[in-house]
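Q: need coordinates for the below:
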Amino acid sequence: MDTYQTRRGEIQAYFDRTAAKTWERLTSDAPVSGIRATVRAGRDAMRATLLSWLPDDMSGQRLLDAGCGTGALAVEAAKRGADVVAVDLSPNLVDVARERMPHNLPGTITWHAGDMLDENFGRFDHVVAMDSVIHYEAGDKVGALARLAERTDGQVLFTFAPKTPLLAAMHTVGKLFPRGDRSPAIVPISENKLRRLIAERMPDFAAGNTKRIASGFYTSQAFQITRAEPRT
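A: Predicted structure coming up:
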């Protein structure tokens with residue numbers, strides 16, 4: 001997992017320092033540019049998709065929001081009664097999430113700045129990793145999902161960057177910009193390869209829903225895996 005650690009450090013540096021204010025604004029109601037508006041719309045649609053795969057009543061259920069950012073999904077899950085553990089690599093974004101959290105939620109949220117793979121967070125009924133593993137190489141991506149699945153009794157919902165000609169072109173264009181001006185590159189993966197790796201690494205889980213969201217400069221695909229057999 002050395003490559004995982006290296007990329008994790010790059011992601012933390014970007015979201016906690018280089019782009020923290022940008023993401024704080026992007027995830028608010030403040031006006032943004034046309035390009036960023038498409039990203040905001042895409043992320044809103046993706047969040048709604050993932051939430052639609054969760055129960056309406058989550059009372060007594062634990063959910064890990066792995067890569068919670070500024071906390072929008074965690075808050076929605078807590079509104080359904082879930083006890084949420086929300087973790088992000090960026091302490092700055094976690095501070096924003098904590099400040100935005102409404103009072104008197106039916107459920108609870110505990111906020112953490114750190115690694116979503118930390119086993120000290122315990123076991124969960126649901127894990128959601130929205131755009132949290134898209135920057136990792138295939139092996140690290142599926143390895144991280146496998147470690148999350150080990151601690152999940154129900155389902156893992158995550159997103160990946162589908163390998164499409166458009167994304168490949170955007171990836172190439174992105175390389176033309178100076179390193180300091182861009183985020184850690186996303187790593188597209190084909191759905192067939194992803195399904196094969198999941199079957200190899202997570203035989204206790206079955207693939208479920210999937211849905212691609214494309215909105216201007218935002219393209220991501222939601223994927224659901226569910227534990228096929230209860231743990232003994």
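Q: so where's this structure shaky on pLDDT?
A: Counting by pLDDT under 70, the chain contains low-confidence ranges at 1, 166-183, 230-232.
Q: longest helix in it, by number of residues?
A: Among the elements of the chain assigned as helix by DSSP state H, the one spanning the most residues is helix 34-52.
Q: just the buried residues of whichever helix or strand comes after it, please?
A: Heading C-terminal from helix 34-52, the first helix or strand you meet, by DSSP states H and E, is strand 62-66. Neighbour counts using 16 or more other Cβ atoms under 10 Å place R62, L63, L64, D65, A66 of strand 62-66 among the buried residues. For glycine as for every other residue, the C-beta is placed from the backbone atoms N, C-alpha and C.
Q: may I see those arranged in CSV, with distance to D125 as well?
A: As requested, these are arranged in CSV below (distance: Cβ to Cβ, whole Å):
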residue, distance to D125
R62, 5
L63, 7
L64, 9
D65, 13
A66, 14
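Q: select, from those, the two members most distant in space.
A: Farthest pair in those (Cβ to Cβ) is R62 and A66. Separation: 12.6 Å.
Q: which among the buried residues of strand 62-66 gets closest to K193?
A: Minimum separation from K193 among those (Cβ to Cβ) is found for A66, which lies at 21.6 Å.
Q: ok, that closest one - contacts?
A: Contact partners of A66, counting by Cβ atoms under 8 Å, 6 or more residues apart in numbering, are V87, M116, V127, V128, A129, S132, L148.
Q: and N209, by the same measure?
A: Going by Cβ under 8 Å, 6+ apart, N209 touches W53, A222, F223, Q224.
Q: so it belongs to a strand, correct?
A: Yes. Secondary structure of N209 (DSSP: H, G, I helix; E, B strand; the rest coil): part of a strand.
Q: before we move on, the earlier item: out of the contacts of A66, which are inside helices?
A: Judged by DSSP H, the subset of those located in helices is L148.
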